[in-house]
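Q: For reference, the sequence and a predicted model appear below.
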Amino acid sequence: MACPRMFGPFLLLMVLWFTALTAAPTFGAEATATTEAKPIRVGVLSSATEPGSNTSQGLYIRILREAGMEAKAVSGEQVRSGALDDLDIFIIGGGSGTKFNKSLGEEGGKLVEAFVRRGGGVMASCAGGYSFVRGHNDALKYVEVANARCIDYQDGRWARGKGVVELETGDSAKPKLEMYYANGPLWEITDEPGFGVTKALATYRTDIKKGDDKGGVMPGTPAILGGSYGEGRFVLFSAHPEFKWKLGNPPLIVDAAKWVVRGPLKPGEEVDWKSVFPNAAK
């Protein structure tokens, strides 16, 4: 028996639908391949092209490479020559904040500030924590992205010592942790105009002091700062999450790197321990 005349167009529509359906996975796979996220690109300030494996700079590079990011050393001269244009994150680790900023120069410092204002991320530990807050000498004024200042550094008091300290996070899931400290900055959050959000992500619970010093200044001060400057973000550690891996702090560096590349803070977005360190906080 012959098919009804209307069945021909219906069959044609079915064939076209099936062809489109079977072709969809190929299109989806191509779209996924072309929109796959690129690795986060990180530059760590260093005078050495290949920093030593046990240096602050070398450890930052190793930790972030192992997390799938493209991390490398960059010099102050390279920053002044435009290296930040090819980076998502710029890091200043341990050493001397004043010397690091002098290596950048005033020109390089302004480039770093502009990099953050337009959406770049910066991170730091110890010396870098001096570099990115409001400066107390000419070189430390070259880069100012966090609305905080250093305290109790005068007359050599910055050299308070080294050791493992205890931090409080304010989060019930992980209320405290230990981190290696080595003469890092003590901060006070300020309300100077022209800055974005600056929050304490953790505070010091214990003290490091010289033998005959009465101490008592360090406990309660910010141990980790997080916040925004322009359209960019920062996370600054006063101590060293990159050292003493047995303390379990390298995941903080990875979480911080993923957080600082998120661009402008959204209205109502929290800046606290749990939001910046979602994986390390577990």
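A: Thanks, I have the structure now. Residues are numbered from 1 along each chain as shown.
Q: any chance you could map the helices in the stretch 101-250 of the chain?
A: Along the stretch 101-250 of the chain, counting by DSSP state H, counting those that start in this stretch, helices occupy 127-131, 250-260.
Q: Residue ranges in the stretch 151-282 of the chain under the pLDDT threshold?
A: The stretch 151-282 of the chain contains residues with pLDDT under 70 at 281-282.
Q: Residue 61 should be in a strand, yeah?
A: No - counting by DSSP: H, G, I helix; E, B strand; the rest coil, residue 61 is not part of a strand but helix.
Q: So for it, what's the pLDDT?
A: We have a pLDDT of 98 for residue 61.
Q: which non-adjacent residue is nearest it?
A: residue 71 (4.5 Å; CB to CB, 6 or more residues apart in numbering). For every residue, glycine as well, the C-beta is placed using N, CA and C.
Q: Run a quick neighbour tally on that neighbour.
A: For residue 71, the count of nearby residues is 23 (other CB atoms under 10 Å).
Q: and it, what does it touch?
A: Residues in contact with residue 71 (CB atoms under 8 Å, 6 or more residues apart in numbering) are 42, 43, 44, 60, 61, 64, 65.
Q: Look up which residues are beta-bridged to it.
A: Per DSSP bridges, the residues bridged to residue 71 are residue 42.
Q: Please apply the same query to residue 179.
A: residue 165.
Q: pretty sure it contacts residue 242?
A: No - using CB atoms under 8 Å, residue 179 is not in contact with residue 242, being 10.0 Å away.
Q: So what sits opposite residue 187 in the bridge?
A: The partner residues for residue 187, given DSSP bridges, come to residue 150.
Q: List the residues that contact it.
A: By CB under 8 Å, 6+ apart, the contact list for residue 187 reads 129, 133, 148, 149, 150, 151, 221, 222, 225, 238.
Q: now with 10 Å?
A: Residue 187 sits next to 129-130, 133-134, 146, 148-152, 198, 200, 203, 221-225, 236, 238 when contact means CB atoms under 10 Å, 6 or more residues apart in numbering.
Q: go on, residue 70?
A: 38, 39, 40, 41, 42, 43, 61, 64, 86, 87, 88.
Q: Let's see if you can find the most crowded of the contacts of residue 71.
A: Most surrounded of those: other CB under 10 Å gives residue 60, at 31 neighbours.
Q: That residue contacts residue 74, doesn't it?
A: No - Residue 60 lies out of contact with residue 74 (CB atoms under 10 Å); the separation is 11.8 Å.
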